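Visitor: sequence and predicted model, in that order:
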Amino acid sequence: MKTATLTMARSINEGLRRAMEEDPKVLIMGEDVGKLGGVFRVTDGLQKDFGEDRVIDTPLAESGIIGTAIGMAIRGYRPVCEIQFDGFVFPAANQIITQLAKMPMRSLGALRLPVVVRVPCGGGIGAVEHHSESPESYFTHTAGLRVMACANPLDAYTMIQQAIRLDDPVIFFEPKRRYWEKAEIDLGMDLREAWPVDRAKVVREGTDVTVLAYGPMVKTVLDAAAAAEGEGRSLEVVDLRSLNPLDTETVFRSVRKTGRCVVAHEAPTYSGFGAELAARITEHCFYSLEAPVLRACGFSTPYPPSRLEEHYLPDLDRVLDAVDRSFGW
C-alpha cells in the first residue's frame, strides 16, 4: 500500500496520472495544462511524462476545446478538458449544452461521449472578475450531463478517476479555495472499494438538523457543526458529491431523521441548486418536516470585487443563522 499526504490539487494530479497509465485513450487538453502544468498546477508534470500528444496545450478557445473533445470522444478517446476558471466555461456552453449533453440521446445511444470537463469553481482566493463563479445550476438543469463536486483530497482522487471511466459526459467541479488542503491518500486503492461516485456521504452524524452541502461549502458546514455542538445542537452534515444524478435516498433518510434541513452553497440563492433540493425534500418529506427547508447561500448579485467576497460568501455564521431560524418555526 502506497500512501501519501497530498493536497487536493495533487490528489487530482495523481488521479489523472493513474487514469492515463491504465488507459492509453485518456488524454488531457486545455489552456496551459502542458508546459505550465495548469494555473493551479493540477496537471504539473503530466506532459513531461506522457508527451504532447496526450497532454495538449490548446488555444484560448473554450468552445474549440469542447468541440474538439467531442470529436475525439466519437473516435474512441476519453478526453479530460480543463476549463481554466469557472467563469470561462460560458464560451463553451453552446458546445456543452447543445452537443455534448444531447448527442448520445439523439443518436439513440449509438454515440457515447466520455468527456470530463474539469471546472475549478467558487470564490475565496481573491481573484478578479469572472474567476470566482459557481455555475453548477446551469449544468444540473441540462439533461444528459452528470455533474459532480468534490470536497476533499480523497474524494478528488477517486472521483476524477471514476468520472473518466464513465461513458457519460461529466462536468467535474473542483473547489479552488480547497486546492491546498491536505489528507492522506492511498494511491494504490482499488477503485471498486471507493465510495460510489453517484452517492452522497454523511460526513458528520447528527440528530437535530440536516445540513446539505457540496464542494467548497462542506468544510464550512463542518466547522459550523462543530461550533453548534458547543451550543447543544447536533448537525448532520451530508456531502452531496453528485448533483446530477442526485442521491435522494441518502438526503431523504437524513431529513426524515432530523426533521429540519438547511442547504448551503456559494452560488446565489435565487434559482440556485438549493431550490431544487428544497422542492424535492418538501415533496417527499413533508410530513417529517418541523420547519421549512432554509438556505444559506450567496447573495443574488454578480460576484463582487475580491475585497468584498468575505461578506458575499456564506460563512459559518450564515449557516448557523439558518439553523437557528429553522428552530424558530
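Guide: Here it is on my side, so go on.
Visitor: from here on, contacts and neighbour counts on C-alpha atoms
Guide: Fine.
Visitor: residue 165 - how many residues pack around it?
Guide: By the criterion of other C-alpha atoms under 10 Å, residue 165 has 16 neighbours.
Visitor: nearest residue to residue 110 other than its sequence neighbours?
Guide: Spatially, and ignoring its direct neighbours in sequence, residue 110 is nearest to residue 104 (6.8 Å; C-alpha to C-alpha, 6 or more residues apart in numbering).
Visitor: which is the next helix or strand following the helix or strand hosting residue 163?
Guide: Assigned by DSSP states H and E, residue 163 belongs to helix 153-165. The element immediately downstream of helix 153-165 (helix or strand, assigned by DSSP H and E) is strand 170-175.
Visitor: name the helices or strands packed onto that next one?
Guide: strand 116-121, strand 146-149, helix 153-165 (3 or more C-alpha pairs under 8 Å, 6 or more residues apart in numbering; DSSP states H and E).
Visitor: start to end distance for stretch 290-297?
Guide: End-to-end distance for stretch 290-297, by C-alpha to C-alpha, to the nearest Å: 21 Å.
Visitor: where along the stretch 101-250 of the chain do the helices fall?
Guide: Secondary structure of the stretch 101-250 of the chain (DSSP state H, counting those that start in this stretch): helices located at 103-106, 136-140, 153-165, 217-229, 248-258.
Visitor: what about this structure, any weak spots by pLDDT?
Guide: Within the chain, the segments meeting pLDDT under 70 span 1.
Visitor: relative to residue 260, how far out is the residue most central in space within the chain?
Guide: In the chain, the residue lying closest to the centroid (C-alpha atoms, centre = their mean) is residue 149, at 1.5 Å. From residue 149 over to residue 260 the distance is 24 Å, taken as C-alpha to C-alpha.
Visitor: where's the nearest residue to residue 36 once chain neighbours are set aside, which helix or strand?
Guide: Spatial nearest neighbour of residue 36, chain neighbours left out: residue 44 (6.9 Å); criterion: C-alpha to C-alpha, 6+ apart. If you go by DSSP H and E, residue 44 is not part of any helix or strand.
Visitor: was I right to think residue 44 contacts residue 14?
Guide: No: look at residue 44 against residue 14 with C-alpha atoms under 8 Å: they stay out of range, at 10.0 Å.
Visitor: more neighbours, these two?
Guide: Shown here are residue 44 and residue 14; by other C-alpha under 10 Å, residue 14 has more neighbours (24 against 20).
Visitor: which one is that one nearest to, not counting chain neighbours?
Guide: The shortest distance from residue 14 to any residue other than its chain neighbours is 6.9 Å, reached at residue 157 (C-alpha to C-alpha, 6+ apart).
Visitor: just checking, what's the longest strand in this protein?
Guide: strand 261-268 (DSSP state E).
Visitor: which residues are in contact with it?
Guide: Under the contact criterion C-alpha atoms under 8 Å, 6 or more residues apart in numbering, strand 261-268 has outside partners 122-123, 133-135, 209-214, 216-217, 221, 255, 273-274, 277-278, 291-301, 313-314, 319, 322-323, 326.
Visitor: recalculate using a threshold of 7 Å.
Guide: Residues outside strand 261-268 that contact it (C-alpha atoms under 7 Å, 6 or more residues apart in numbering): 122, 134, 209-213, 217, 255, 274, 293-300, 313-314, 322-323.
Visitor: any of those residues buried? List them.
Guide: Buried members of the contacts of strand 261-268, counted by 16 or more other C-alpha atoms under 10 Å: 122, 134, 209-213, 217, 255, 274, 293-299, 313-314, 322-323.
Visitor: give the contact list for residue 8.
Guide: 152-153, 156, 178-182.
Visitor: next, format those as JSON lines and append neighbour count.
Guide: Below are those laid out as JSON lines (neighbours: other C-alpha atoms under 10 Å):
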{"residue": "152", "neighbour count": "24"}
{"residue": "153", "neighbour count": "25"}
{"residue": "156", "neighbour count": "27"}
{"residue": "178", "neighbour count": "22"}
{"residue": "179", "neighbour count": "24"}
{"residue": "180", "neighbour count": "15"}
{"residue": "181", "neighbour count": "13"}
{"residue": "182", "neighbour count": "18"}
